[in-house]
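Peer 1: sequence and predicted structure are below.
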Amino acid sequence: MAKMNSFKKQLSLRKNNQNGIVTTEFVIGFLLLFFFLMFWVEICIIGYLSSVVDYAIAESSRSARASANANYDAVFRNAIRNSDDFWTSVVDPNKFTVSVEFYNSINEAASRVGSSVGSDKPIALYRVSYQYDPMFSYLYEADTMNFTREVFAIQEFERDQFSQ
């Protein structure tokens, strides 16, 4: 009987020494789960922003090159600013930077010797960049990420000037 009481005493001492271990394991597990969930959300946001920048350059360059207005640069910028699409309510349009360069020939475009003025030139390079501030900036080399897309386009109303 004495052995039985001694055994019960040892079990109760072991049990008392492990108080709080379930709470500690839960907290550590929950924090890891939360961290990985937020990292997954970050990856989803990056994918969405990449798609938004692709869509923005495609639509704005389409409207600019098909415009009868000779000021393609202004048409391109207005197409991004005045878009009524869903992405403009999710993404900050002020973080977009837009540039347009114009070229007379394919050779000029290949050597990237263009100008930002001279919208009467038949070839245009539209460039859109978006600056994103990631949640986990310590995982990346820079504090911000830039998504940049470029599109070469032949201006529809300058097509008669285009020669190879």
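Peer 2: Nice, thanks for sending it over.

Peer 1: which parts of the chain are strands?
Peer 2: 96-103, 123-132, 145-154 (DSSP state E).

Peer 1: and these: which comes nearest residue 37?
Peer 2: strand 123-132 (19.4 Å; C-beta to C-beta). C-beta here means a position set from N, CA and C on the backbone, and glycine is covered the same way.

Peer 1: show me what the closest one is packed up against.
Peer 2: Under the contact criterion of 3 or more C-beta pairs under 8 Å, 6 or more residues apart in numbering; DSSP states H and E, strand 123-132 touches helix 21-65, helix 72-81, strand 96-103, helix 106-111, strand 145-154.

Peer 1: can I get these in CSV with mean pLDDT and distance to residue 125?
Peer 2: Shown next, in CSV, are the helices and strands packed on strand 123-132 (pLDDT from 0 to 100; distance: least, C-beta to C-beta, whole Å):
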stretch, mean pLDDT, distance to residue 125
helix 21-65, 87, 10
helix 72-81, 67, 11
strand 96-103, 82, 5
helix 106-111, 79, 7
strand 145-154, 85, 5
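
Peer 1: quick one: closest of the ones you listed to residue 137.
Peer 2: Residue 137 sits nearest to strand 145-154 of all the helices and strands packed on strand 123-132, at 8.8 Å, using C-beta to C-beta.
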